[in-house]
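Enquirer: Structure of the sequence below:
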Amino acid sequence: MNYYGTKELASAFRTVRQNTIQIAEDIPEDQYGFQAAPGVRTVAQILVHIGLMPRLSMQLGKTQSLPRDFDFGKMFAEVAAEEAKARTKAQIIEFLRTSGEEYASWIESLTEDFLSQVFTFPPGAEPPTRVRFEMILSAKEHEMHHRAQLMIIERMLGITPHLTRRNQERMAAMQRSAQPAKA
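Expert: Prediction:
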């Protein structure tokens with residue numbers, strides 16, 4: 001039984017990406033260079049990193065396995081170089097929008113057979129194989145990991161994250177509706 005197919009996976013990814021975009025919009029552009037600790041990505045670099053990862057997932061999706069000599073170091077250097085490029089807040093948000101929709105649309109184009117295929121990594125990788133569904137799902141999980149970092153950064157910058165604000169608004173509305181009406 002499979003209750004979670006490509007339509008649901010694409011929808012879930014779009015929801016995650018929209019929440020990431022909301023965070024990108026909430027953080028002022030003059031804080032995009034903020035770095036929570038030495039040696040970690042800036043806000044801008046985290047957002048670009050998030051935008052790049054689905055592309056990697058799509059590239060891997062086009063092959064059955066990685067060659068034994070696949071150069072992960074080269075791949076990570078290319079990602080780091082892309083993260084380091086100067087971009088405005090508007091450019092980063094547009095990149096998040098377009099890369100997210102490109103990935104979600106690609107997911108919707110996949111078949112159940114494709115999702116069930118096993119992908120093989122080069123020797124020494126952990127795990128050595130993965131079902132494609134899990135690999136595609138991991139892009140969403142990866143984004144949520146980095147989005148959590150951004151939510152902590154928002155707190156460090158004095159910004160209440162949008163999901164917290166929404167929850168606070170719901171709780172306040174529930175409390176108001178539970179109070180007896182004044183005559």
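Enquirer: which element is the residue nearest the centre of the chain on?
Expert: With distances taken as C-alpha atoms, centre = their mean, residue 143 lies nearest the centre of the chain, 2.4 Å away. Assessed by DSSP states H and E, residue 143 sits inside helix 132-156.
Enquirer: Now do that helix: everything it contacts.
Expert: Helix 132-156 has contacts (C-beta atoms under 8 Å, 6 or more residues apart in numbering) with 9, 12-13, 16-17, 19-20, 23, 26-27, 34, 36, 43, 46-47, 49-50, 53-54, 56-57, 60-61, 103, 107, 110, 114-119, 160-161, 163. All C-beta spots, glycine's among them, are computed from the backbone N, C-alpha and C.
Enquirer: Go ahead and name everything in contact with the helix or strand following that helix.
Expert: Following helix 132-156 in sequence order, the next helix or strand is helix 162-178 (DSSP H and E). With C-beta under 8 Å, 6+ apart as the test, helix 162-178 has contacts from 19, 22-23, 26, 151, 160.
Enquirer: And the residues you listed, which of them are buried?
Expert: Buried members of these, counted by 16 or more other C-beta atoms under 10 Å: 19, 22-23, 26, 151.
Enquirer: ok, so of those residues, who is nearest residue 79?
Expert: For these, the closest approach to residue 79 (C-beta to C-beta) belongs to residue 23, at 20.4 Å.
Enquirer: which residues touch the closest one?
Expert: Residue 23 touches 147, 150-151, 154, 161-162, counting by C-beta under 8 Å, 6+ apart.
Enquirer: I'd like the distance between it and residue 43.
Expert: Separation of residue 23 from residue 43 (C-beta to C-beta, to the nearest Å) stands at 9 Å.
Enquirer: what's the answer for residue 139, then?
Expert: From residue 139 to residue 43 the distance is 20 Å (C-beta to C-beta).
Enquirer: can you check residue 102 too?
Expert: Remark: distance between residue 102 and residue 43 (C-beta to C-beta) = 23 Å.
Enquirer: Going by residue numbers, what spans are strands in the protein?
Expert: Assigned by DSSP state E, the strands in the chain fall at 118-120, 129-131.
Enquirer: quick one: which of the ones you listed is nearest residue 78?
Expert: Smallest distance to residue 78 across the strands of the chain (C-beta to C-beta): 20.6 Å, for strand 118-120.
Enquirer: Give me the below-cutoff pLDDT ranges for the protein.
Expert: Scanning the chain for pLDDT under 70 picks out 1-2, 64-65, 181, 183.
Enquirer: ok, back up a step: just put the strands of the chain in JSON lines and tack on mean neighbour count.
Expert: JSON lines is the format used below for the strands of the chain (neighbours: other C-beta atoms under 10 Å):
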{"stretch": "strand 118-120", "mean neighbour count": "14"}
{"stretch": "strand 129-131", "mean neighbour count": "14"}
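Enquirer: Reformat the ones you listed as TSV; add distance to residue 97.
Expert: Shown next, in TSV, are those (distance: least, C-beta to C-beta, whole Å):
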stretch	distance to residue 97
strand 118-120	28
strand 129-131	28
